[in-house]
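Undergrad: Give the three-dimensional model of this entry:
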Amino acid sequence: MNTQKTDEVSNGLWDRARMICISMMQGDAKRSRAERNFSMIQSVSHEDNVFKIYALNKLTADMLENEYGEDLRKSFQYAGADVGMKIEFTFDENAKLKIEKVVESSTPRPAEKNQIKNEQREAFISTMPLKDYYTFDEFVEGPSNSYVLAAAKGVAKQPGQKAMNPLFIHGGTGLGKTHIMQAIGNRIRQTNPKFAVCYLTAEVFLNEYVNAMTNGKIQSFRDRYRMIDVLLIDDIQFIAKNMQNFQEEFFNTFNALTNADKQIVITSDVAPKDLPGIEERLISRFEGGMLQEVESPGYETRLAILKKKSEGMDPPIHDSILKFIASNIKSHVRAMEGALSKVNIYANLDPKMILTDETLSNILKDFIEKEKSRKKITIDEVKNCVCRKYGVSMSQILSSERTQSIVTPRQLAMFISRKFTTRSLPEIAKQFDKSHATIIHGVKSIKNRMMVEPELKHTLEEILDELGCSMNDMVGD
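TA: The predicted structure is shown next:
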């Protein structure tokens, strides 16, 4: 970390500028990439009208400057920075990420071993810094995330327990996976100050491995990652298509940590079984602990999230504006936050502006059009369409009848509802009058059958065509 003072004012200005910058980007992919890249920023400082942004190293600082420099300079102005303030991307030579090895001339006694272990842990610096604001208290709980939140709190309370190691969290972009993961890390650091907690993205992990191989420092790389207590790896899907040697190294690191009862938490956009190009033995390890999915939040949860995010905004955001955003932007939390930040920008630029629904529609036109481009189908439409296709009644679909002629359309309707609507698992279960486990089993059954039954897949495509969508519109995992 840099040695200059990092005060609350600097952090507040950076947080506003960062959110403004992300909100002004077009498209989920760009916003998601920016979130990942900005997470590599270690700290910020503000001195003599120069705002310094500290990255992990010179390579990262140059990348941030080239890719986001101009956009961030504009965003700082919107965030209330002084006119003429300079933005500088840099890094700190003193913040090299390493573990100091303790060399002993003789075999240490047990008490000395513990002392050495603690010294090593204290020398450990996380590859990427955990953000203080990612806490369980700041995470808004709802039906779409209550199970994963409970699992995360369990891991944070008792890291390393077999039944929840690894904790594998999956779900679509912008639903809070990174927040939950870093909240685990922050809670563990709070309750176990001596624990070595390491957070990084899979992309950064891969880059460190390549650098270690190139520079002949692979043993140092192994020593670093196999002596920590908690490993938090974000966006594991980025290693899925990469080199065989890296998967081998990751597999060995994974085994070394879990065999020593060290906690691993992993996030991914998809479930382990759907990671492309990854070895079966790694998938087996990922599925050997606790799998949890984060789902798209319902209206009440979306509104609660927006209310929490708007706290302290100047000027204050009226409830009617929050309700407008919650009603019109449903795909994921990051899109809602981006829309909220954009509204806040316009409110600051013109404090006298009256933010009616019409005005908000114009300000958030790009967000709303993106939402409308996603074909929305309801569960009732799905059930009715499947009933017509198979010649069965709605009462049969909702019944407990187990004949194959009823089970297939019932499970197919569950599959389409799960994969092609934005409804949460609890909502789907309620619509079919079934348990969560029954819905999950039905979805999995159809997915497995489609791999060996071309006719079933063809029927699915016909039903989707009638509903006005296609296989390309699949959501979730």
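
Undergrad: hmm, who's touching the helix or strand harbouring Leu464?
TA: Under the criterion of DSSP states H and E, Leu464 resides in helix 454-467. With CB atoms under 8 Å, 6 or more residues apart in numbering as the test, helix 454-467 has contacts from 375, 377, 381-382, 385-386, 389, 408, 412, 415-416, 420, 446, 449-450, 470-471, 473. All C-beta spots, glycine's among them, are computed from the backbone N, C-alpha and C.

Undergrad: Apply the buried test to the residues you listed and list what passes.
TA: 377, 381-382, 385-386, 389, 408, 412, 415-416, 420, 446, 449-450 (16 or more other CB atoms under 10 Å).

Undergrad: mind listing which of the residues you listed are in helices?
TA: Secondary structure assignment by DSSP state H places 381-382, 385-386, 389, 408, 412, 415-416, 420, 446, 449-450 of the buried ones among the contacts of helix 454-467 in helices.

Undergrad: what two of those have the greatest distance between them?
TA: Greatest spatial distance among these (CB to CB): Glu381 and Arg449, at 22.7 Å.

Undergrad: if you skip the residues just before and after it, what's nearest to Glu287?
TA: Pro272 (5.2 Å; CB to CB, 6 or more residues apart in numbering).

Undergrad: which one of the ones in helices among the buried ones among the contacts of helix 454-467 sits closest to Glu65?
TA: Distances from Glu65 to those, taken by CB to CB, are shortest for Phe420, at 41.6 Å.

Undergrad: looking at the chain, which helix or strand is least sure?
TA: When each helix and strand of the chain is scored by mean pLDDT, DSSP states H and E, helix 110-123 comes last, with a mean of 45.

Undergrad: neighbouring contacts of the helix or strand following it?
TA: Downstream of helix 110-123, the first helix or strand assigned by DSSP H and E is helix 146-157. Residues outside helix 146-157 that contact it (CB under 8 Å, 6+ apart) are 136, 139, 141, 161, 164-165, 167, 169, 180-181, 183-184, 187-188, 191, 263, 265, 290, 292-294.

Undergrad: Spit out the contact partners of the residue most central in space within the chain.
TA: Computing the C-alpha centroid of the chain and ranking residues by CA atoms, centre = their mean puts Lys177 first, at 3.3 Å. With contact set as CB under 8 Å, 6+ apart, Lys177 has these partners: Ile169, His170, Gly171, Asp234, Thr267, Val294.

Undergrad: Now a ChimeraX select for only the buried ones of those.
TA: Command for ChimeraX that selects the buried part of the contacts of Lys177, burial taken from 16+ other CB under 10 Å:
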select :169,170,171,234,267,294
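
Undergrad: which ones among the contacts of Lys177 are found in strands?
TA: With strands taken from DSSP state E, the overlap with the contacts of Lys177 comprises Ile169, His170, Gly171, Asp234, Thr267, Val294.

Undergrad: Bridged to the fourth one, which residues?
TA: Taking DSSP bridges, one obtains Thr201 as the residues bridged to Asp234.

Undergrad: Correct me if wrong: it contacts Thr267.
TA: Yes. Using CB atoms under 8 Å, Asp234 is in contact with Thr267, at 5.1 Å.

Undergrad: Name the residues contacting each of these two.
TA: Here Asp234 and Thr267 have Lys177, Thr178, Met181 as joint contacts, going by CB under 8 Å, 6+ apart.

Undergrad: I'd like those laid out as TSV, including secondary structure, pLDDT and distance to Val210.
TA: What follows is the shared contacts of Asp234 and Thr267, written out as TSV (DSSP: H, G, I helix; E, B strand; the rest coil; pLDDT from 0 to 100; distance: CB to CB, whole Å):
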residue	secondary structure	pLDDT	distance to Val210
Lys177	helix	89	25
Thr178	helix	89	23
Met181	helix	93	24
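
Undergrad: which of those lies closest to Met25?
TA: Lowest distance from Met25 to the shared contacts of Asp234 and Thr267 (CB to CB) belongs to Thr178, with 17.3 Å.

Undergrad: What distance do you get for that closest one to Tyr133?
TA: To Tyr133, Thr178 is 12 Å away according to CB to CB, to the nearest Å.

Undergrad: what does the domain assignment say about this structure?
TA: Using automatic domain parsing, the domain parsing of the chain gives 8-95, 110-294, 299-373, 379-473.

Undergrad: weakest of these in terms of mean pLDDT?
TA: Here the domains of the chain differ in mean pLDDT, and the lowest is domain 8-95 at a mean of 79.

Undergrad: now that one, how far from the centre of its chain.
TA: Its chain's C-alpha centre and that of domain 8-95 lie 20 Å apart, by CA atoms, centre = their mean, to the nearest Å.

Undergrad: Now find how far off-centre the helix or strand hosting Ala339 is within its chain.
TA: Under the criterion of DSSP H and E, Ala339 resides in helix 333-349. Here helix 333-349 shows a centroid-to-chain-centroid distance of 20 Å under the convention CA atoms, centre = their mean.

Undergrad: Kindly report the same for stretch 444-453.
TA: Remark: stretch 444-453 is offset 28 Å from the chain centroid, using CA atoms, centre = their mean.

Undergrad: Give me the buried positions along that stretch.
TA: Ser445, Ile446, Lys447, Arg449, Met450.

Undergrad: rewinding a little: can I get the ones in helices among the buried ones among the contacts of helix 454-467 in a markdown table with distance to Lys309?
TA: Shown next, in a markdown table, are these (distance: CB to CB, whole Å):
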| residue | distance to Lys309 |
| --- | --- |
| Glu381 | 32 |
| Val382 | 32 |
| Cys385 | 37 |
| Val386 | 38 |
| Lys389 | 43 |
| Thr408 | 44 |
| Leu412 | 38 |
| Phe415 | 34 |
| Ile416 | 33 |
| Phe420 | 29 |
| Ile446 | 37 |
| Arg449 | 42 |
| Met450 | 40 |
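
Undergrad: wait, which of these is closest to Pro276?
TA: Minimum distance to Pro276 across those is 17.2 Å, recorded for Met450 (CB to CB).

Undergrad: out of Thr178 and Tyr133, which sits in the busier spot?
TA: Between Thr178 and Tyr133, counting by other CB atoms under 10 Å, Thr178 is the more crowded of the two (22 against 13).

Undergrad: Ignoring the adjacent residues along the chain, who's closest to the more buried one?
TA: Thr178's closest residue in space is Asp234 (CB to CB, 6+ apart), at 5.7 Å.

Undergrad: How far away from the center of its chain is the host helix or strand of Pro426?
TA: According to DSSP H and E, Pro426 maps onto helix 425-432. Distance of helix 425-432 from its chain centroid, counting by CA atoms, centre = their mean, is 24 Å.

Undergrad: how far off helix 146-157 does that helix point, in degrees?
TA: 150 degrees (axes from the mean of the first three to the mean of the last three CA atoms, to 10 degrees).

Undergrad: That's all I had, so thanks and see you.
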